[in-house]
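Q: this is the structure alone, sequence omitted:
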């Protein structure tokens, strides 16, 4: 990241990044530096390292003296000195405005944090404009209309997957994208998203008649996840996506800060290394413009950018109807939301109305611990309370976004170049609010892009939300099994484990079948498996290749029944259920061009069961994070690999009929 230095006033939301790269070390600077670092020590450094040390000293008020003071004489720890100086050069080059700008902003933000500054003192919180959609009930906008409008523009969309995290919080050492979303098909999260995009691309080609239409995917990785993500794609041949369809961009880390003076935090075990931390997924906006992707997409006529998080497989249900809402409402940015309980520890999409300057008003995510104090100072002063629906009137932020390309490109080409406003969140040791329990850093969030929309477009920025039922769009896997079990013991109904996310996937498909008139034998009562409440069944997996719209489901599911203990997997665009009686396990997979009709098929077998892992059992972490395995005892399986028309009748035979 580079640019030209500039000074920018602070805003109520933080300090905007100065641009800049830095200049060559002058003789005067060199003289100043030599008073802190000897000429002999400077001589051993690389040219860029020498310049980085000089710039650090030149801009220092004493808070960085621990970094460059007290170096042993040349010949001692020279390798460490070179490494430190080169790292300072890397940190300087990777941040817009350089390391000096980073430290300068950190000082201001840390002071505001220590002083307890209220960023919302000039604002009033209002419920923003948006729509509430329901798959199987009434909403504020007709679901069919939203889906129809979304289908019309889905081929003009691009996807961005934010995937900078490892699975440590889940009890998994690999990348989260490689985790299996379910044990019926063993598809992982990355595979799930890729297959959905492919299904959307296929439908868009059919609707438009353009067989060359391509929907791109960008994956933002971090230094931790980049090699493993690339290997996952390479090992699986990009899950069928063509060369160049997937682009990977990698975010940089920033320097960690040790105290309220923004002193750089050196490694506890190595004084020649500055600790670094992730900057946050807000980097994605700058990376898209920096890497030329925005220019490329605009040139190809793309109209919408869809941003997804890495471990919420249900969100793909809501993409097309949310696109439709964006079209109808003319939203420049549309947040996919869920109903939010009052006081729930989740951010809320809020309209912040400025008390004196309408141009400063904006619609943005406000964290729950900021929303209640804000609401407590206005209106009836009751704070974050429920309305007549039993939920907060402020929709819960699921942190998946759809942004209109024209407004987005204009905003990213503004002076900030997509660098969103940052914040700090230090954990203080005591009430003096100067020293930290552990190093902090400047952070930025993807969902804070409205601040740049407001800056570049003012009151013309049209930002809203689309709310869906939780069962339809939101069940992230984010917690380890042990944490989920503890949450359940405390009354939580959303433990956020791999097992609860898998169960919710099955429940979502049960409801889709029911809506289509299919008889689904199930119970509203969940059963405990591995300490987590999950559906008793049936375990239904409707692949993206089978259907991605409600219209498709209704056209392909005509009638039949499925028992509670059953499991069913349907993969293939040409599968139609005319009549099915399932009591056991059934898998039907059909290639492109294969039309398969289930006509009176009756299946009864031992099926599949979940088996809990014994306490203390020696199992792989991919198993331990769920607490169970799936025993596939007996299955009726039909794999059709040749195009044509087929029927599977009551006798269970698959017959080609053309």
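A: Yep, that arrived. In this text, all values refer to a predicted model and were calculated from it rather than measured experimentally.
Q: separation between residue 611 and residue 626?
A: Distance, residue 611 to residue 626, using CB to CB, to the nearest Å: 11 Å. Every C-beta, even on glycine, is put in place using the N, C-alpha and C of the backbone.
Q: how many neighbours does the closest residue to residue 329 other than its chain neighbours have?
A: Spatial nearest neighbour of residue 329, chain neighbours left out: residue 464 (5.8 Å); criterion: CB to CB, 6 or more residues apart in numbering. For residue 464, the count of nearby residues is 22 (other CB atoms under 10 Å).
Q: before we move on, what about residue 469?
A: Using other CB under 10 Å, residue 469 is surrounded by 19 other residues.
Q: quick one: pLDDT of it?
A: Per-residue confidence (pLDDT) for residue 469: 96.
Q: in this structure it contacts residue 135, no?
A: Yes. Between residue 469 and residue 135 there is a contact at 7.0 Å, judged by CB atoms under 8 Å.
Q: end to end, how far does stretch 412-423 reach?
A: 20 Å (CA to CA, to the nearest Å).
Q: now that stretch: mean pLDDT?
A: On average, the pLDDT along stretch 412-423 is 90.
Q: now do the buried residues in it.
A: Across stretch 412-423, burial judged by 16 or more other CB atoms under 10 Å covers 412, 416-423.
Q: one more: stretch 548-567?
A: 548-550, 552-553, 556-558, 560, 562-563, 565-567.
Q: and which of those is nearest residue 446?
A: Top of the list for closeness to residue 446, among these and by CB to CB, is residue 548 at 24.1 Å.
Q: the closest one: which element?
A: Here residue 548, judged by DSSP states H and E, is contained in no helix and no strand.
Q: name the residue in residue 611 and residue 626 with the higher neighbour count.
A: Ranked by neighbour count (other CB under 10 Å), residue 611 and residue 626 place residue 626 first, with 29 against 11.
Q: residue contacts, the more buried one?
A: Residue 626 makes contacts with 183, 481, 497-499, 502, 530, 613, as judged by CB atoms under 8 Å, 6 or more residues apart in numbering.
Q: same check, this time on residue 39
A: Taking CB under 8 Å, 6+ apart, we find residue 39 in contact with no residue.
Q: what's the separation between it and residue 58?
A: From residue 39 across to residue 58, the span is 17 Å (CB to CB).
Q: which pair in the buried residues of stretch 548-567 spans the largest distance?
A: It's 549 and 565 that sit farthest apart of the buried residues of stretch 548-567, by CB to CB, at 29.3 Å.
Q: next helix or strand past the longest strand belonging to the chain?
A: If you go by DSSP state E, the chain has its longest strand at strand 594-604. Using DSSP H and E, the helix or strand that directly follows strand 594-604 along the chain is strand 608-612.
Q: helices and strands around that next one, which ones?
A: Counting contacts by 3 or more CB pairs under 8 Å, 6 or more residues apart in numbering; DSSP states H and E, strand 608-612 packs against strand 628-632.
Q: and the strand or helix carrying residue 234, what does it pack against?
A: In this structure, residue 234 sits in helix 226-235 according to DSSP H and E. Here helix 226-235 touches helix 189-208, strand 246-250, going by 3+ CB pairs under 8 Å, 6+ apart.
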